[in-house]
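Q: below are the sequence and a predicted model; questions follow.
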Amino acid sequence: MPMIGWVFLLLAIALVVGSLLMLKDSANMPISKEKMARIKKRKEEVEAQEKKEKEKDNW
């Protein structure tokens with residue numbers, strides 16, 4: 001394989017490994033209590049809406 005092929009291969013591997021490491025580092029980011037409350041509230045709203053739509057479809 002020509003030298004440029006090895007360079008591209010190493011660059012691609014480095015890009016994948018770097019992305020995975022960044023993803024690993026950001027996996028356990030702390031969430032403020034306010035934001036968590038908003039997330040839970042929104043989740044409840046979506047679940048209620050889905051339940052209403054499901055009941056509407058089952059008539």
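A: Nice, I can see it.
Q: how about low-confidence regions in this structure?
A: Scanning the chain for pLDDT under 70 picks out 59.
Q: outside of the helix or strand hosting residue 55, which residues touch it?
A: Using DSSP states H and E, residue 55 falls within helix 33-57. Residues from elsewhere that reach helix 33-57 (C-beta atoms under 8 Å, 6 or more residues apart in numbering): residue 31. Backbone N, C-alpha and C define where each C-beta goes, glycine included.
Q: can you give the distance of stretch 25-34 from its chain's centre?
A: Centroid separation between stretch 25-34 and its chain, computed with C-alpha atoms, centre = their mean, to the nearest Å, is 13 Å.
Q: centre of the chain to the helix holding residue 55, how far?
A: Per C-alpha atoms, centre = their mean, the centroid offset for helix 33-57 relative to its chain is 19 Å.
Q: report the buried residues of it.
A: For helix 33-57, a neighbour-count test (16 or more other C-beta atoms under 10 Å) marks nothing as buried.
Q: output the strand or helix carrying residue 19 as PDB - backbone C-alpha positions only.
A: Taking DSSP H and E as the definition, residue 19 sits inside helix 3-25. Extracted as PDB, the C-alpha positions of helix 3-25 are listed here (Å, rounded to 0.1, in the frame of the first residue of the first chain):
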ATOM      1  CA  MET A   3       2.400   5.800   1.900                       C
ATOM      2  CA  ILE A   4      -0.600   8.000   1.500                       C
ATOM      3  CA  GLY A   5      -2.900   5.000   2.100                       C
ATOM      4  CA  TRP A   6      -1.200   4.400   5.400                       C
ATOM      5  CA  VAL A   7      -1.500   8.100   6.300                       C
ATOM      6  CA  PHE A   8      -5.300   8.100   5.600                       C
ATOM      7  CA  LEU A   9      -5.800   4.800   7.500                       C
ATOM      8  CA  LEU A  10      -4.000   6.100  10.600                       C
ATOM      9  CA  LEU A  11      -5.900   9.400  10.300                       C
ATOM     10  CA  ALA A  12      -9.200   7.600  10.200                       C
ATOM     11  CA  ILE A  13      -8.300   5.400  13.100                       C
ATOM     12  CA  ALA A  14      -7.200   8.400  15.200                       C
ATOM     13  CA  LEU A  15     -10.400  10.200  14.400                       C
ATOM     14  CA  VAL A  16     -12.500   7.300  15.500                       C
ATOM     15  CA  VAL A  17     -10.500   6.700  18.700                       C
ATOM     16  CA  GLY A  18     -10.600  10.400  19.500                       C
ATOM     17  CA  SER A  19     -14.300  10.600  19.000                       C
ATOM     18  CA  LEU A  20     -14.900   7.600  21.300                       C
ATOM     19  CA  LEU A  21     -12.700   9.100  24.000                       C
ATOM     20  CA  MET A  22     -14.600  12.400  23.800                       C
ATOM     21  CA  LEU A  23     -17.900  10.500  24.000                       C
ATOM     22  CA  LYS A  24     -16.700   8.600  27.000                       C
ATOM     23  CA  ASP A  25     -15.600  11.800  28.800                       C
END
